[in-house]
Every structure is written in C-alpha cells, then in structure tokens.
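Asks: Generate coordinates for the sequence data below:
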Amino acid sequence: MKDRRQFIVIATILTDMVGLGIILPVLPIYVQQFGISTFTIGLLTSIFALFSFVAGPILGSLSDKYGRRPILIISILGTAIGWYMFAMAHHLWIIFLARAIDGATAGNVSVAQSYLTDLATDQKDRIMKLSLISTCIGIGFIAGPAIGGLLSEFSPTLPFWVTAGIATVNGVLAIFFLPESIREKKKDLHIGWNPFTSIWYAISNIKYRTYILLIFFTTLAFESYHSSFFLYVSNVFGMTKASSGLLFSGIGILIALNQVVFMKHFWLKFFKPHKVQVITASALIIIFLGLSQFSMVPFLLTVCLLGITEGTLISMNGGELSGVAQEHERGKIIGISHSLIALSQMIGPAISGYAMDYHVRWPWMIASFWMVIVLGIIIIKNKQLKKSEVNLETGITY
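Replies: Numbers count the residues shown, from 1 in each chain. Okay, here's the model as predicted:
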C-alpha cells in the first residue's frame, strides 16, 4: 500500500513539475511584450509567492484536519485555473491575477512532502523520500524547459496552454487514483488563518526555529538567481529561449542523477546529514561567485556543480524539519516552512530583479551572501546537536 501511495504522489508531483518547467524559459521573456522592466518581472514572481505565503500554513493545517488528498487535489486544480487565465490574458493585470490564483492554491509540494513523510520510518528514509521530490523537480527541469523553449517557437502562449492541460490531467488522476496517507484526521484541529501568527509560532518554538530559518535563507539564496537566470544567459551569452531551456534541462539532469544515485550511494553512505549540509553550503558560496563570471566555459562547468549541490541541501533541510515536526501538526509545520519559502520567493526575485537593472552579475553575488548566512545557521545547529549527540524522538544524530 505504501509503495502504491508513494508511486502515485510522485507521479502527481512529476507531471506538475514538468508543467512548471515548460514555462520557466519563456515566462520572463514573454511578459516583456507588455513593456515592463526586470524589476516588474520580479514582482510577477513575487505576487505568486505572496499568495503562497498566506496560504501555506492554512493548507498545511487543513491537510492535518481533513487529509492530504483533498488539499492536494484542490491545489493542483488551482494551478490549472491560473495557467488557463495566463494563456488567455491580454492585459498585465490579468497576468498578475492568474499568478495570484495559482499562488493561493500552491500546496502541491508542501502537501506532497507531508504525504511522503507520513510514510517514512526514520531520518534517512525521510531524506530519501523527500529526495524523490527533488528528483521530480530535476526531471521537470530536464523535460520542461526544453519543451517550453520549443513550443514557444510555434506560439508564445502555447507553453501556458500545455502547462494548464498537464495540471488538469494531473488533478483528474489524483481524484481517481490517489489514496489518503493519514489514518486519523484531526477534525478538532484549530485552523490559524493568520500566516504571521503561524510563522511566529514556529520561530518562537525552540524545537522548530533553527530548521525553519535554515529553509528560509536557503530558498532566499536560490530564488536570487532562479528568476534572473534566463535573462542572465540571454544578455551575457546571447542564448535563445530554446538553448537556455536546454541549459536549464542540463541542471535538471544533474539534480535528478544526484537524487537517484548519489544521495543514497554517496552522500548518505559516507556522511551524516549535518556534514552534508556543511559541505554543500560551503560549496554553494563558491559556486555562486563563480557563476557571476562572464566566460562561457567556466560558467558551464560551475553550473554542473550547482545541479549536484542544490537539490542535496534542500533534501537535507526538509528531512530534518519533517523529523522534528510532531505527527499531529506535521502538515502545519511543513506548511509554515513553505510559507517562509514563499516569503523568500517574494524577497529574492524582487531584490535580484532590482539589482540586475544596475548590473547583470549582482544576483549571483547576492545569492552567495545569503548562502554565507545559511552556513552560519548550519554551524550553530550542529553545535546544538553535538551537545545532545542524538535526539531519540526524531532520530536526528550528530
């Protein structure tokens, strides 16, 4: 039963990630026809994140109360509606509204993370299950951008129609084939509708604080370059939408390969999770600085290292938080973490978009700065774990 559940939820997330990957290389260039600046493009990403920020803890708590399955289905169908509106939009305000609707129901990954950790048996099993989500993201980066770049050659809006169609099929499959993952729903659970109250609950709780902040700053670093990547390679190296899509697909191949092969047979075999965090965070500081250089060959080589390290750090962070979260509020805590991820998705693109108007390499420098903070948080967390040596409740060991 667990294997069937895991297979279905992974298939659900995989199709969603492929759909998302399709629009990555074409979205920022497509909206330039409305005569907007790179800062406004960053705001377009941020409006999605704003509504995700508000909805994250609510969707997580609702999944604790009513089950993962219905909330996951709602979030998938919300994505479909948002992209149908985007494909038909002829005014900028409709595009912003479409991204807001998609953001308000953007519970796919967070609820899927809760779903998979419901089935996990220990810390390594949690990390491996969450690495499957990173694998889906990697495969989405492999197939999606390449498809999106090619589809845009036929019609500027075709990638958005295809994305909406994939989400629709995804939702229908979930309705008919996705079973529930929690055996006992918390019908008497109080739903907190204020995201700031929920976030404060997690940050003020010493059990969650360090893990929540670690996920926030990690995402902030990655979002500082995600929103500007395609504009960067277009402006600096003259890449077309199709070629930049293929480049991003290469990153996806490395992410998927890392999660499927290296995670189990290298990272978790030779290092404890907290050591992996130190290694990858330290490497990413250097990687982001290297990617700010204007030479094609060093850029491509450094991108390879980015694909290996990014997904690893995300899986380690998520695995730890899922471990410390109590069973009755796991959806809520993971939802809060994704609310903070959404907050970083508001802040990161806005800052990098503004910075890129002044200098094209600044987003990479900013990403490196945030990763320095991430490394500092990891070091503090590891010192705290070393004092206890082992947490018997969560299985997180030093």
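
Asks: which SS class is Lys207?
Replies: coil (DSSP: H, G, I helix; E, B strand; the rest coil).

Asks: Spit out the contact partners of it.
Replies: Neighbouring residues of Lys207 by Cβ atoms under 8 Å, 6 or more residues apart in numbering: Val324. The way it works is simple: take the backbone N, C-alpha and C, and place the C-beta from them, glycine included.

Asks: With Ala104 instead?
Replies: Residues near Ala104 by Cβ under 8 Å, 6+ apart: Phe51, Ser52, Val54, Ala55, Gly78.

Asks: got the contact list for stretch 284-291?
Replies: When contacts are defined by Cβ under 8 Å, 6+ apart, stretch 284-291 is touched by residues 221, 225, 298-299, 302-303, 305-306, 309-310, 313, 364-365, 367-368, 371-372, 374-375.

Asks: let's see 7 Å
Replies: Residues outside stretch 284-291 that contact it (Cβ atoms under 7 Å, 6 or more residues apart in numbering) are 298-299, 302-303, 305-306, 309, 364, 367-368, 371-372, 375.

Asks: ok so, going back, format the contacts of Ala104 as a markdown table; extra columns: neighbour count, pLDDT and secondary structure.
Replies: Converted to a markdown table, the contacts of Ala104 look like this (neighbours: other Cβ atoms under 10 Å; pLDDT from 0 to 100; DSSP: H, G, I helix; E, B strand; the rest coil):
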| residue | neighbour count | pLDDT | secondary structure |
| --- | --- | --- | --- |
| Phe51 | 21 | 84 | helix |
| Ser52 | 27 | 80 | helix |
| Val54 | 18 | 85 | helix |
| Ala55 | 24 | 84 | helix |
| Gly78 | 22 | 88 | helix |
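
Asks: any idea which of those is the one closest to Val260?
Replies: Nearest to Val260 among the contacts of Ala104: Ser52, at 27.6 Å, using Cβ to Cβ.

Asks: So Asp188, which state does it fall into?
Replies: coil.

Asks: ok, back up a step: and the contacts of Ala104, which two are furthest apart?
Replies: Greatest spacing in these, by Cβ to Cβ: Val54 and Gly78 (13.4 Å).

Asks: picking up where we left off before, same list (the contacts of Ala104) but as TSV, adding distance to Ala256.
Replies: Formatted as TSV, these follow (distance: Cβ to Cβ, whole Å):
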residue	distance to Ala256
Phe51	29
Ser52	24
Val54	32
Ala55	28
Gly78	26
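
Asks: related to what we said a few turns ago, what's the ChimeraX line that selects buried ones from the contacts of stretch 284-291?
Replies: The ChimeraX selection below is limited to those of those classed as buried (16 or more other Cβ atoms under 10 Å):
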select :299,302,303,305,306,309,364,367,368,371,375
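
Asks: Cross the contacts of stretch 284-291 against helices and list the overlap.
Replies: 298-299, 302-303, 305-306, 309, 364, 367-368, 371-372, 375 (DSSP state H).

Asks: export the contacts of stretch 284-291 to JSON lines and tack on distance to Ser63?
Replies: Below are the contacts of stretch 284-291 laid out as JSON lines (distance: Cβ to Cβ, whole Å):
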{"residue": "Pro298", "distance to Ser63": "44"}
{"residue": "Phe299", "distance to Ser63": "41"}
{"residue": "Thr302", "distance to Ser63": "38"}
{"residue": "Val303", "distance to Ser63": "36"}
{"residue": "Leu305", "distance to Ser63": "36"}
{"residue": "Leu306", "distance to Ser63": "32"}
{"residue": "Thr309", "distance to Ser63": "30"}
{"residue": "Trp364", "distance to Ser63": "36"}
{"residue": "Ala367", "distance to Ser63": "31"}
{"residue": "Ser368", "distance to Ser63": "35"}
{"residue": "Met371", "distance to Ser63": "31"}
{"residue": "Val372", "distance to Ser63": "34"}
{"residue": "Leu375", "distance to Ser63": "32"}
